[in-house]
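# curious how this folds, go ahead:
(chains A, B, C and D)
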2 protein chains.
Amino acid sequence: MAEPRWLDETERRAWLSLMTLVIVGLPEIERTFRAHGLVHVEYGLLAALSEQPDGLRLCDLAQSMNVSPSRLSHRMRKLIERGYVQVRGSDDDGRVSIAVITEAGRRLIEEVAPQHAADVRRLLFDRLSREQTAALADALASVAGQLAPCPGAEVETAP
Amino acid sequence: MAEPRWLDETERRAWLSLMTLVIVGLPEIERTFRAHGLVHVEYGLLAALSEQPDGLRLCDLAQSMNVSPSRLSHRMRKLIERGYVQVRGSDDDGRVSIAVITEAGRRLIEEVAPQHAADVRRLLFDRLSREQTAALADALASVAGQLAPCPGAEVETAP
DNA sequence: AAGTTATTGTTGAAGCGTCAAGTAAATTCA
DNA sequence: TGAATTTACTTGACGCTTCAACAATAACTT
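Below you'll find the predicted structure:
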């Protein structure tokens, strides 16, 4: 059993700050979604679908959003129930389902998106200089790049 | 209604990378804890308590770990049931309870801590240069500093 | 001292995520 | 062609988080 390599002071500060961001900051982000009856992932799903007017295979959607099939299935059930998404089977492949955003879904994210962008800005970027933002993007992209084959994990820009 | 200010390309990359880290990376971190019957927050609580041999008031513990009273209460119930923590009432103040880590709790985090440190390293710091790490710590600390009055949110170094 | 307010902590319900198991269709391959 | 494997997706159970409501003690206020 090798001697464990503990984090040094800088690493520890980075990690603890990240955890604070996750534990305190993200729930604040969530509140905007909850006010509209959504959770963050559902917003991401709607945003992704809003860029694909012809719909998206569920497996592709799951992969692009980095969610498990199970999780996607549970979220889709709710989004379908509430009329934000419709799902039809594929003609080509009997296994796949294709999700399409509805008009109601489109209206919803068009309403939520600006608030979300403002939230993210308030939480994160308003507190960082341009240099800090660039450095943050650089570092996080290095990490995320190896985690997810799919880079386009979410949509924050205009719908 | 002002025109929404969308994220620019760098900000978007930073945010999406952060979300990937949260959605893909943190669950990997969680798996180590689950293997020991814990969740991340519980590890943090035990780690915090392990540095206070005389115990800690629950309200102080909650504040220092940035968790709600309710959440703390639920987690403590489990930690008490499993014998990792003991709680006694305070003599000074009839409202407060004081939590103390047990020997079993101490043994547990001493076992888990090195694995957790290795996980964090694998996830994050092994993929970053010293400069990137320093920049990340700088940027995240700027953000976290305004989110949490309490900086010592968790313990990653030797117990 | 009595009433009000603030602090500390708990509880139960509802919703979400994970995991394991399962169905069904397509593909591979013997 | 038929059997095994892979791919796509769903379901149910269990644990965790949040939120609202609650109880109990302490601290103010006049």
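# where does the prediction get shaky in chain A?
A:1-2, A:149-159 (pLDDT under 70).
# how about a cut-off of 90?
Counting by pLDDT under 90, chain A contains low-confidence ranges at A:1-5, A:146-159.
# near DNA strand C, which residues of it?
A:39-41, A:67-68, A:70-71, A:74-75, A:78, A:93-95 (C-beta under 7 Å from any atom of the strand). C-betas here are computed from N, CA, C, even on glycine.
# which two in these are spaced the farthest apart?
A:H40 and A:G94 (32.2 Å; C-beta to C-beta).
# so these two - more neighbours on which side?
A:H40 (18 against 7; other C-beta atoms under 10 Å in any protein chain shown).
# so that one makes contact with A:F33?
Yes. Using C-beta atoms under 8 Å, A:H40 makes contact with A:F33 at a distance of 5.6 Å.
# ranges for the helices of chain A?
A:9-20, A:26-35, A:40-50, A:58-65, A:69-81, A:103-123, A:130-147 (DSSP state H).
# now for the third one, which elements pack on it?
Helix A:40-50 makes packing contacts with helix A:26-35, helix A:58-65, helix A:69-81, strand A:85-89, strand A:97-101, helix A:103-123 when contacts are defined by 3 or more C-beta pairs under 8 Å, 6 or more residues apart in numbering or on different chains; DSSP states H and E.
# quick one: that helix to strand A:97-101, angle?
90 degrees (axes from the mean of the first three to the mean of the last three C-alpha atoms, to 10 degrees).
# helix A:40-50 near DNA strand D at all?
No. Helix A:40-50 lies out of reach of DNA strand D by C-beta under 7 Å from any atom of the strand, never closer than 11.8 Å.
# quick one: contacts for A:S142?
Residues near A:S142 by C-beta atoms under 8 Å, 6 or more residues apart in numbering or on different chains: B:127-128, B:132.
# now the residues you listed in TSV, please, with extra columns for neighbour count and distance to DNA strand D.
Formatted as TSV, those follow (neighbours: other C-beta atoms under 10 Å in any protein chain shown; distance: C-beta to the nearest atom of the strand, whole Å):
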residue	neighbour count	distance to DNA strand D
B:R127	17	26
B:L128	19	27
B:Q132	20	29
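# and of those residues, the nearest to chain A?
Using C-beta to the nearest C-beta, B:Q132 is the member of those that lies nearest chain A, at 4.4 Å.
# near DNA strand D, which residues of chain A show up?
Residues of chain A lying near DNA strand D (C-beta under 7 Å from any atom of the strand): A:27, A:31, A:34, A:57-59, A:62, A:69-70, A:72-74, A:76-77, A:87, A:93, A:95-98.
# please redo it, this time with the cut-off set to 10 Å
A:22-24, A:26-28, A:30-31, A:34-35, A:56-63, A:68-77, A:80, A:87, A:89-90, A:93-99 (C-beta under 10 Å from any atom of the strand).
# mark which of those residues are buried, thanks.
The neighbour-count test (16 or more other C-beta atoms under 10 Å in any protein chain shown) marks A:22-24, A:56-58, A:60-62, A:72, A:75-76, A:97-99 as buried among the residues of chain A next to DNA strand D.
# from the residues you listed, which is closest to DNA strand C?
Proximity of those to DNA strand C (C-beta to the nearest atom of the strand) peaks at A:R75, which lies at 5.4 Å.
# residue contacts, the closest one?
A:39, A:41-42, A:45, A:67.
# same question, A:F33
By C-beta under 8 Å, 6+ apart, the neighbours of A:F33 are A:39-40, A:42-43, A:112, A:116.
# 7 Å - rerun?
A:F33 makes contact with A:39-40, A:43, A:112, according to C-beta atoms under 7 Å, 6 or more residues apart in numbering or on different chains.
# list just the nearest of the residues you listed to DNA strand D.
Of the contacts of A:F33, the one sitting nearest to DNA strand D (C-beta to the nearest atom of the strand) turns out to be A:V39, at 10.2 Å.
# now do the contacts for the closest one.
A:30, A:33.
# ok, the closest residue to DNA strand D within chain A to chain B distance?
Minimum separation of chain A from DNA strand D (C-beta to the nearest atom of the strand) falls at A:C59, amounting to 2.9 Å. Computed as C-beta to the nearest C-beta, to the nearest Å, the A:C59 to chain B distance reads 17 Å.
# from DNA strand C, how far out is that residue?
Computed as C-beta to the nearest atom of the strand, to the nearest Å, the A:C59 to DNA strand C distance reads 12 Å.
# what sits closest to that residue if chain neighbours are left out?
Nearest residue to A:C59 in three dimensions, chain neighbours excluded: A:V96, at 6.6 Å (C-beta to C-beta, 6 or more residues apart in numbering or on different chains).
# quick check: that neighbour touching A:G55?
No. Here A:V96 does not reach A:G55: they are 10.6 Å apart, not a contact under C-beta atoms under 7 Å.
# out of the contacts of A:R75, who's the most crowded?
Going by other C-beta under 10 Å, A:L45 tops those with 29 neighbours.
# excluding residues flanking it in the chain, which one is nearest A:A62?
That would be A:L72: by C-beta to C-beta, 6+ apart, it lies 4.5 Å from A:A62.
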